[in-house]
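Undergrad: here is a sequence with its predicted model. Questions after.
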Amino acid sequence: MDESIFIKILKKEIPGEIVYEDNDCFAIKDINPQAPIHMLVIPKKPIERLSEASPQDSVLLGHLLTVVRKVAKNRGLDSFRVAINDGVDACQSVYQLHIHVMGGRGFAWPPG
Ligand code: AMP
């Protein structure tokens, strides 16, 4: 797997706004926000998409959700939308697993 644009941001090879980092993951502001607050929580491990994660990634996947909660709380969100796009039909555009965390406006359901 080629190094993703997100890992390039983590390594400061390209610009990006990192809002959280620990040993296993990091969070950045989305460059094209779909809500007043839009962040991406990303594992450092190169996993292309959720459907490529293995049972050995279970602890990591749980940790990512804990970090989702943390970054949402840090931004003062008490209600927020979380999304993972997996593959072409879901409009995944960057093939490094990432969790969208969006808030600061109301959301419709079902999503488009
Ligand atoms: P997805 O379509 O689920 O793969 O989401 C990829 C997300 O990455 C999109 O919301 C993009 O706006 C975002 N994105 C792409 N390039 C960058 C970048 N350089 N910095 C921050 N976010 C980015």
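TA: The structure has been received and is ready for your questions. Residues are numbered from 1 along each chain as shown.
Undergrad: contacts for the longest helix anywhere in the chain?
TA: Scanning the chain for the helix with the most residues, using DSSP state H, yields helix 58-74. Residues from elsewhere that reach helix 58-74 (CB atoms under 8 Å, 6 or more residues apart in numbering): 19-20, 22, 24-25, 27, 39, 41, 43, 45, 53, 80, 82, 99, 101, 103. C-beta: built from backbone N, CA, C; applies to glycine.
Undergrad: ok, which pair from these is furthest apart?
TA: Using CB to CB, those span at most 26.0 Å, a distance reached by Lys45 and Gly103.
Undergrad: narrow the contacts of helix 58-74 to just the buried residues.
TA: Val19, Tyr20, Cys25, Ala27, Met39, Val41, Pro43, Ala53, Phe80, Ile99, Val101, Gly103 (16 or more other CB atoms under 10 Å).
Undergrad: got a markdown table for these, with pLDDT, distance to the ligand and secondary structure too?
TA: Output for these, formatted as a markdown table (pLDDT from 0 to 100; distance: CB to the nearest ligand atom, whole Å; DSSP: H, G, I helix; E, B strand; the rest coil):
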| residue | pLDDT | distance to the ligand | secondary structure |
| --- | --- | --- | --- |
| Val19 | 98 | 11 | strand |
| Tyr20 | 98 | 14 | strand |
| Cys25 | 98 | 15 | strand |
| Ala27 | 98 | 11 | strand |
| Met39 | 98 | 9 | strand |
| Val41 | 98 | 12 | strand |
| Pro43 | 98 | 14 | strand |
| Ala53 | 98 | 15 | coil |
| Phe80 | 98 | 15 | coil |
| Ile99 | 98 | 9 | strand |
| Val101 | 98 | 11 | strand |
| Gly103 | 98 | 15 | strand |
